[in-house]
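> I'll drop the sequence and a predicted model, then ask my questions.
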Amino acid sequence: MHPIPQTKKLFLCTTLLLCMILSCSGCTSNASPVTKTGFYFDTVITVTLYDDNRSSLLDDCFSMAETYEQLFSATVKDSDISKINRAEGRRVTVSDETVALLEKALEYCELSGGKFDITIGKLSSLWNFSENDGTLPDPSALSSALSTVDYRNVIISGNHVQLKNPDAAIDMGGIAKGYIADRMKEYLNKNGVSEGTINLGGNVLCLGKKKDGSPYRIGIQKPFDTQGTAAAVVEVQNETVVSSGVYERFVTIDNTLYHHILNPATGYPYENDLLGVTVVCNNSADGDALSTVCFSLGLNEGMKLIEDLPDTEAVFITKDHQLHCSDGIGTVIPFTEMTD
């Protein structure tokens, strides 16, 4: 057996790919673009302003990233989420922002019938894709962790949150980055920025449109391509593009790939015909959750959900590397046909 541990390489390639395409698509504003890159939420994040060169706005966005990481990360000891997870079922007082994020996440838990479930924390910890050296979780530990998964055990009353199952643990990884991107966009818009991009590790949110009226071009990662090649490019204006796929975080054991999108019913990664799902919509928190929800549903059910939702489109990539686009997606350009 030669296990292949998960690395951050594909995350970084995706981020660099998106930045490359955004820079190639350009901007015709007279202002010189300003950009800042850092590392939060276990990934590279980049914020770029095209119509405003105030670096102080970028600094404020990164201060927001720091604040939200301290609230939402289950690996930060004193975060709101960590306090809830350690409370053994007792009520915990949390911030307004944490309540807002939890309520949004629970909407998608309900919409998906539990296929997306934020109480998957114990399962996520067992797999530990960030540092997995090629070891499958112990079956008995997996069974024990499964018994703690049920989003209906999250009780919110005002600013108080508790878990009815004292052994449960919340993991906000499936929605937190999208929520944070939305808050950054709100802040930038309030400060007069109407043209820019927020890229939180592949969760890309575009502010407005380019000065010449043309859309931004955002790349969809070609699964497992370590060079950062795009499978296709979508054109968007004032929208977000969020992807979930088996190629993001995974470990290969005995020639079997185990990816990070876990099925709350089995404790193992979802098995279907998909490599990835990219969602295009107005709000990044919605796109973040929906990309995971649609992956969990599979191509047919996932596409049906997308077609039933207003102002929401998607591109599904199946294991034969074919693109399947929702009816209203607009322009999807195969990368080999992309021109400036």
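Perfect, I can see it now.
> so how far is V279 from the residue most central in space within the chain?
In the chain, the residue lying closest to the centroid (C-alpha atoms, centre = their mean) is D288, at 4.3 Å. Remark: distance between D288 and V279 (C-beta to C-beta, to the nearest Å) = 8 Å. Bear in mind the C-beta positions are built from the backbone N, C-alpha and C, glycine included.
> what touches both of the two?
V242 (C-beta atoms under 8 Å, 6 or more residues apart in numbering).
> so where does the residue nearest to the centre of the chain fall, helix or strand?
helix 284-308 (DSSP states H and E).
> Need the nearest residue in space to G174, chain neighbours excluded.
Ranked by C-beta to C-beta, 6 or more residues apart in numbering and with sequence neighbours excluded, the top spatial neighbour of G174 is T292, at 4.7 Å.
> Also N189?
Nearest non-adjacent residue to N189 (C-beta to C-beta, 6+ apart): L207, at 7.0 Å.
> how about that neighbour, what does it touch?
185, 188-189, 193-198, 238.
> so it bridges to which residues?
Taking DSSP bridges, one finds G196 as the beta-bridge partners of L207.
> following the one helix or strand in the chain whose mean pLDDT sits lowest, which helix or strand comes up?
Taking mean pLDDT, DSSP states H and E as the measure, the helix or strand of the chain with the lowest value is helix 9-25, at a mean of 40. Remark: after helix 9-25, the chain's next helix or strand is strand 34-40, criterion DSSP H and E.
> In terms of secondary structure, what does that following strand contact?
strand 43-49, helix 55-72 (3 or more C-beta pairs under 8 Å, 6 or more residues apart in numbering; DSSP states H and E).
> Residues in contact with that strand: which ones?
Strand 34-40 is contacted from outside by 44-49, 52-55, 58-59, 61-62, 65-66, 69, 200, using C-beta under 8 Å, 6+ apart.
> Surely V94 and A87 touch.
No - contact criterion C-beta atoms under 8 Å: V94 and A87 do not qualify, at 10.5 Å.
> Spell out the residue ranges of the strands in the stretch 201-340 of the chain.
Applying DSSP state E, counting those that start in this stretch to the stretch 201-340 of the chain gives strands spanning 203-207, 216-221, 230-236, 240-245, 250-253, 256-259, 274-281, 313-318, 323-325, 332-334.
> what's the closest of those to I180?
The minimum distance between I180 and those falls on strand 203-207, with 8.5 Å, by C-beta to C-beta.
> Measure how that closest one sits relative to helix 284-308, angle-wise.
Relative orientation of strand 203-207 versus helix 284-308 (axes from the mean of the first three to the mean of the last three C-alpha atoms, to 10 degrees): 90 degrees.
> tilt between strand 203-207 and strand 274-281?
Here strand 203-207 runs at an angle of 20 degrees relative to strand 274-281 (the same axes, to 10 degrees).
> quick one, the helix holding D288 and strand 240-245 angle?
Using the same axes, to 10 degrees: helix 284-308 against strand 240-245 is 80 degrees.
> chain center to helix 284-308, what's the gap?
12 Å (C-alpha atoms, centre = their mean, to the nearest Å).
> That one - what's its average pLDDT?
Helix 284-308 carries an average pLDDT of 96.
> how about that helix: buried residues?
Under the neighbour-count criterion of 16 or more other C-beta atoms under 10 Å, helix 284-308 has 284-299, 302-303, 305-306 buried.
> just to revisit the earlier point, which of the contacts of L207 has the most neighbours?
Neighbour counts for these, by other C-beta atoms under 10 Å, peak at G196, which reaches 29 neighbours.
> what's the spacing between T75 and A169?
With C-beta to C-beta as the criterion, T75 and A169 are 11 Å apart.
> With neighbour numbers in mind, choose between those two.
Neighbour totals were compared for T75 and A169, and A169 leads with 23 against 14 (other C-beta under 10 Å).
> mind checking which helix or strand that one is in?
Per DSSP H and E, there is no helix or strand for A169.
> Skipping its backbone neighbours, what lies nearest it in space?
G121 (2.9 Å).
> how about N283, what does it touch?
Here N283 is in contact with 178, 182, 240 (C-beta under 8 Å, 6+ apart).
> Apply 7 Å and report the result again.
Listed by C-beta atoms under 7 Å, 6 or more residues apart in numbering, the contact partners of N283 are 182, 240.
> and N153, how many residues sit next to it?
When neighbours are defined as other C-beta under 10 Å, N153 has 17 of them.
> Give me the pLDDT value at T7.
For T7, the predicted pLDDT is 32.
> Much appreciated, bye for now.
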